[in-house]
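Chemist: this one's structure only:
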């Protein structure tokens, strides 16, 4: 069993930065993919980016590419989402997810087995 807990959300002005963390407990297999998703009010949950837990390879949605960076710590117990140049349209609840899955389906919401409760990010204009 894996437990995930996000932190670091808050209110920031457009153009600002935030760093989200996802603390993982339980057994994270090296074959896992971990990801960030977000959900704005009235919208579906959407893929933000993902990282392979063993090698650290990353991929991002086009909407955040060049602004957001995913990383993990050396103990492989925490994942981070560094968000720069934030825009009002980045406002959403942000969720981390983990799953033993094929990298090719990393943006597939239902492929992930474990989810955190989410942390709210609000970007004011």
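Modeler: Nice, thanks for sending it over. Keep in mind that what you see is a predicted model, and the values were worked out from it rather than measured.
Chemist: partners of residue 72 in the sheet?
Modeler: With DSSP bridges as the criterion, residue 72 is bridged to residue 79.
Chemist: Does it touch residue 82 like I think?
Modeler: No: if you go by C-beta atoms under 8 Å, residue 72 and residue 82 don't touch, sitting 11.9 Å apart. Every C-beta, even on glycine, is put in place using the N, C-alpha and C of the backbone.
Chemist: For the two, indicate the residue with more neighbours.
Modeler: Comparing residue 72 with residue 82 by neighbour count (other C-beta atoms under 10 Å), the higher total belongs to residue 72, at 19 against 14.
Chemist: Retrieve the pLDDT associated with the more buried one.
Modeler: Here, the pLDDT recorded for residue 72 equals 93.
Chemist: Between the two ends of stretch 78-95, what distance do you get?
Modeler: The separation between the terminal residues of stretch 78-95, taken as C-alpha to C-alpha, to the nearest Å, is 14 Å.
Chemist: Give the residue spans of the protein that score low on pLDDT.
Modeler: Screening the chain residue by residue with the criterion pLDDT under 70, one finds no matching range.
Chemist: would you list every one of the strands in it?
Modeler: In chain order, the chain shows strands spanning 2-7, 10-13, 18-26, 32-39, 46-52, 58-60, 68-72, 78-83, 92-100, 114-115, 119-124, with DSSP state E as the criterion.
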